[in-house]
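In: return atomic coordinates for the entry below.
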Amino acid sequence: MGAARTGRAKMGWILGGLLLLAPPFAAGQAGERPGMAEGRVIDRVVAVVAGQVVTLSELSFEARVELVRRGGIRAVEAPLDERTLRGALELAINQRLLVAGADRLQAFAAERSEVDARLKEFRGRFVDEPALLAFLTHQDADLEQLTAVLERGVRAERILDSRIRLRAQVSEAEARRYWEEHKDTLGGAYEGVREALKERLMRERYGQLAKEEFARVRADARVRGVAPFAREARP
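Out: Take a look at the predicted model:
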């Protein structure tokens, strides 16, 4: 069980990394909390995913949570540019669709221990608990909302992993053949690079399979972008 969880954790970084790249934060207004600047707009609808409304405040919060998880502690306060928000929306759409499908089958409930571990890891990104609570307050969120976002991520990773992990495995023959074809650039004996090479090839294959699975999930889904940057998101 421990090895499986570790494997899912590694692949979970791929799930987030595929869709939420962390470019330099722009000094624009795209990611600021709605309504804070002029006190007029309370919130904005960004997209509608299978009947679920995704607001700008939700998306901004989820983007910051994912970026902080990946070590981008600057995301606590820095403005988010539209490229980052588009990536966050891709992640939000795909997670919601994966989880919605599992909900219909009453499958892939998140294990409490996994969610608690994810929450503990997130807490560890902050210097202390008051700093975490200050972040949540600034985002008009609380620990319950944070836990819900992290839990959805855990479930989405488990669902995706169940569908593609076996197909992403790299055989000994495949790894050796790749080494034979690239040994001049890889350097060293095969045994010396074997494990790192197999992991890299699996990560690449997993990423490609994940993209294909997301495209399949979204093919028949009802997704409508409302915000201008959302309409530019990949179909």
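
In: show me where this protein has strands.
Out: 45-49, 52-55, 223-225 (DSSP state E).

In: and those strands, which is most packed in?
Out: Each of those was scored by mean neighbour count; the highest is strand 45-49, a mean of 20, by mean count of other CB atoms under 10 Å. Quick note: C-beta positions are derived from backbone N, CA and C, even for glycine.

In: what's the average pLDDT for it?
Out: Average pLDDT, strand 45-49: 93.

In: ok, residues contacting that strand?
Out: The contact list for strand 45-49, computed with CB atoms under 8 Å, 6 or more residues apart in numbering, reads 53-56, 58-59, 85, 89, 92-93, 96-97, 221-227, 230, 233.

In: neighbouring strands - and their directions - for it?
Out: Strand pairing for strand 45-49, determined by DSSP bridges: strand 52-55 (antiparallel), strand 223-225 (antiparallel).

In: among the ones you listed, which is nearest residue 148?
Out: strand 52-55 (13.1 Å; CB to CB).

In: now the closest one: how far from the chain's centre is it?
Out: 17 Å (CA atoms, centre = their mean, to the nearest Å).

In: restricted to helices, list the contacts of strand 45-49.
Out: 56, 58-59, 85, 89, 92-93, 96-97, 230 (DSSP state H).

In: longest helix in this protein, please.
Out: Longest helix in the chain, counting by DSSP H: helix 190-219.

In: please compute how far that helix lies from its chain's middle.
Out: 16 Å.
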